[in-house]
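Engineer: When you get a sec, could you give me coordinates for this:
(2 chains)
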Number of protein chains: 2
Amino acid sequence: MTTASAEVFPASGTNGTFDPSAVKPPFFDINGKKPIHYGVLLFPGFQALDVFGPLDVFNSLSMLYHFPTKLTMLAADGSPVETSHQRAGNQMFSHPETNVSQSLIVDRTFQEQLDIQQAGAFADARGGAIDVLIVPGGVGTRNDMDAEIEFVREIYPDLKALLCVCTGATILARAGVLDGRRATTNKRAYTWATSTGPNVKWVAEARWVVDGNIVTGSGISAGIDATYAFVGLNYGETIAQELADSAEYVRWTDPDHDPFAKRWNAGNA
Amino acid sequence: MTTASAEVFPASGTNGTFDPSAVKPPFFDINGKKPIHYGVLLFPGFQALDVFGPLDVFNSLSMLYHFPTKLTMLAADGSPVETSHQRAGNQMFSHPETNVSQSLIVDRTFQEQLDIQQAGAFADARGGAIDVLIVPGGVGTRNDMDAEIEFVREIYPDLKALLCVCTGATILARAGVLDGRRATTNKRAYTWATSTGPNVKWVAEARWVVDGNIVTGSGISAGIDATYAFVGLNYGETIAQELADSAEYVRWTDPDHDPFAKRWNAGNA
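Structural biologist: Purely as a prediction, here's the structure:
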């Protein structure tokens, strides 16, 4: 276990030879001296539970266990990012007097993070490098995602793992990092979401899918189960179960159990 | 249904005669002209899923249906509020190099909201009055909660309903609004949490409890089920189920089903 990190961590700048499908969990050494550094990709109109399903698990992991852990919130610019679907350009549904939104503080811009990732030779700067990127979905994924897609494309070869939820898979698909790999996504938005990645091996009936170092969760609440699975793979099942019990959450432990594929007629399930 | 709102809305300034235990759901008229206005009470060290379990449901409700809906994030002062348990004063557990936190933007301070609530005679100002307050728990509830307790005590008689999650019930208990009423709370923290309300009829084995116009959820993830129950009671079961299906969430529909009371030995269950 203690050598797993060195074996699986794709060295920076080796994009040409790095074979992500050969990477298997655990994706990092949980007992290493450097914190495991999680980053969250935010954009206007992100789905709140896509972010906070996973983050609540990592918040509790960081509180209840002695693993050094860091978290950085990332977005195209440094302004707070809001969930609002209306200001994200989706005016279809709501009553005109509706105004429901939460705004999250951003720690770094995509470019600031990429600059840190690329300063690989400098130990201090590497302490600020992201190991795991969390990518949510939401109605905002229907907008221009050029900055987010390019960020995923550039940072992915330097990551130990990627965890994505819901229509966040469309950002990964458009970045090309899912090409030739198995992945799942939101079942209600399945037809559109899968159209963004013609070379992806989409799995309609799945709560989550692990392929290489990419974990994709199904729609919204599935991010919670995908995250406990991620924690189980990397920190061990005992810790994953203890965290779920603390959150009074009954995990879905079968990745293939997914009644929502049929409910939403995803992939003609 | 269209007259329910007038019947159940406790008029401002009638604290002396208002009997909250007589209030029954639906707590408001979903077809009214004024938006139903939700407020969220934030404090440093709040548990993220206690807030975003409920808010993701209300976010989707506001996007998918034509009910006018508003949301205001409230805290003691106007600065962003963070989940960090370390900066909330809980240094017990984490590795010293751990730094995991998310920060939410605040819309109004408690005092600004109370000033709006008390300007009852002015229609414009009433448009800014909160109808439903959402109160999360989290490790921060172990700190000085004087401002939060006083805010709940002052605003409660002017609310249509109160929805609380996890150790958020300790804020309500200390504000006195749960006295003589049935309520539940986090099962792992049950002994401490229930000690804050000696006059509350605590229910150990419950996913959520409805008593009068107060809905209390059990620990962390139970806020999701309590919120779907709240939506079912006020907006109807069809809408609650459609929202849960959209979130790919399998609801717990029995409020008394709670394996976590036994798991954490709450109330000697």
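Engineer: Please, where are all the helices along the stretch 151-269 of chain A?
Structural biologist: A:168-175, A:190-195, A:222-235, A:237-246, A:259-263 (DSSP state H, counting those that start in this stretch).
Engineer: And for the stretch 1-150 of chain A?
Structural biologist: Under DSSP H, counting those that start in this stretch, the stretch 1-150 of chain A gives helices at A:4-8, A:48-64, A:110-118, A:123-126, A:146-155.
Engineer: low pLDDT regions in the stretch 101-250 of chain A?
Structural biologist: Scanning the stretch 101-250 of chain A with the threshold set as pLDDT under 70 gives A:120-126.
Engineer: Return the residues of it in contact with chain B.
Structural biologist: A:101-105, A:139, A:186-188, A:218-222, A:224, A:245-250 (C-beta under 8 Å from any C-beta of the partner chain). Where you see a C-beta, it was placed from the backbone N, CA and C, and this is true even at glycine.
Engineer: gap between A:F28 and A:P35?
Structural biologist: As judged by C-beta to C-beta, to the nearest Å, A:F28 and A:P35 stand 10 Å apart.
Engineer: should've said A:R181
Structural biologist: Where A:P35 is concerned, A:R181 sits at a distance of 28 Å (C-beta to C-beta).
Engineer: now A:D115
Structural biologist: Counting by C-beta to C-beta - A:D115 and A:P35 are separated by 19 Å.
Engineer: on that earlier part again, deepest of the helices of the stretch 1-150 of chain A, which one?
Structural biologist: helix A:48-64 (a mean of 26; mean count of other C-beta atoms under 10 Å in any protein chain shown).
Engineer: Skip the chain neighbours and tell me the closest residue to the residue located most distally from the centre of chain A.
Structural biologist: Here chain A reaches farthest from its C-alpha mean at A:E97, the gap being 32.9 Å by C-alpha atoms, centre = their mean. Residue nearest to A:E97 in three dimensions, not counting chain neighbours: B:P68, with 4.0 Å by C-beta to C-beta, 6 or more residues apart in numbering or on different chains.
Engineer: Return the backbone torsion pair for that neighbour.
Structural biologist: B:P68 adopts backbone torsions of phi -70, psi 130, taken as degrees, to the nearest 10.
Engineer: To what extent is it buried, counted in neighbours?
Structural biologist: Neighbour count of B:P68, defined by other C-beta atoms under 10 Å in any protein chain shown: 20.
Engineer: how close does A:V210 get to chain B?
Structural biologist: Counting by C-beta to the nearest C-beta, to the nearest Å, the gap between A:V210 and chain B amounts to 18 Å.
Engineer: typed the wrong thing, it's A:T98
Structural biologist: For A:T98, the distance to chain B - C-beta to the nearest C-beta - is 5 Å.
Engineer: Repeat that for A:I214.
Structural biologist: 19 Å.
Engineer: hang on, the earlier thing: ok, now how distant is the residue farthest from the centre of chain A from A:Q86?
Structural biologist: 11 Å.
Engineer: wouldn't A:G197 be in contact with A:C164 here?
Structural biologist: No. Using C-beta atoms under 8 Å, A:G197 is not in contact with A:C164; the gap is 12.0 Å.
Engineer: Between those two, which is the more surrounded one?
Structural biologist: Counted by other C-beta under 10 Å, A:G197 and A:C164 do not tie: A:C164 has more neighbours, with 32 against 22.
Engineer: For the closest residue to that one other than its chain neighbours, give me its contacts.
Structural biologist: Distances taken as C-beta to C-beta, 6+ apart place A:V135 nearest to A:C164, at 4.0 Å, with adjacent residues excluded. Each residue near A:V135 by C-beta atoms under 8 Å, 6 or more residues apart in numbering or on different chains is listed here: A:L41, A:V152, A:L162, A:L163, A:C164, A:V165, A:G168, A:I171, A:L172.
Engineer: Repeat that for A:A240.
Structural biologist: So A:A240 contacts A:Y228, A:A229, A:V231, A:G232, A:R251 (C-beta under 8 Å, 6+ apart).
Engineer: any chance of these in a markdown table, with distance to B:A206 and neighbour count too?
Structural biologist: Formatted as a markdown table, these follow (distance: C-beta to C-beta, whole Å; neighbours: other C-beta atoms under 10 Å in any protein chain shown):
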| residue | distance to B:A206 | neighbour count |
| --- | --- | --- |
| A:Y228 | 24 | 25 |
| A:A229 | 29 | 24 |
| A:V231 | 28 | 23 |
| A:G232 | 29 | 20 |
| A:R251 | 21 | 18 |
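Engineer: farthest-separated two in the residues you listed?
Structural biologist: A:V231 and A:R251 (10.1 Å; C-beta to C-beta).
Engineer: For the closest residue to A:P96 other than its chain neighbours, give me the pLDDT.
Structural biologist: Distances taken as C-beta to C-beta, 6+ apart place B:P68 nearest to A:P96, at 7.9 Å, with adjacent residues excluded. Each residue has a pLDDT score; the one for B:P68 is 91.
Engineer: Is it correct that B:P68 is in contact with B:I36?
Structural biologist: Yes. Counting by C-beta under 8 Å, B:I36 is a contact partner of B:P68 at 7.2 Å.
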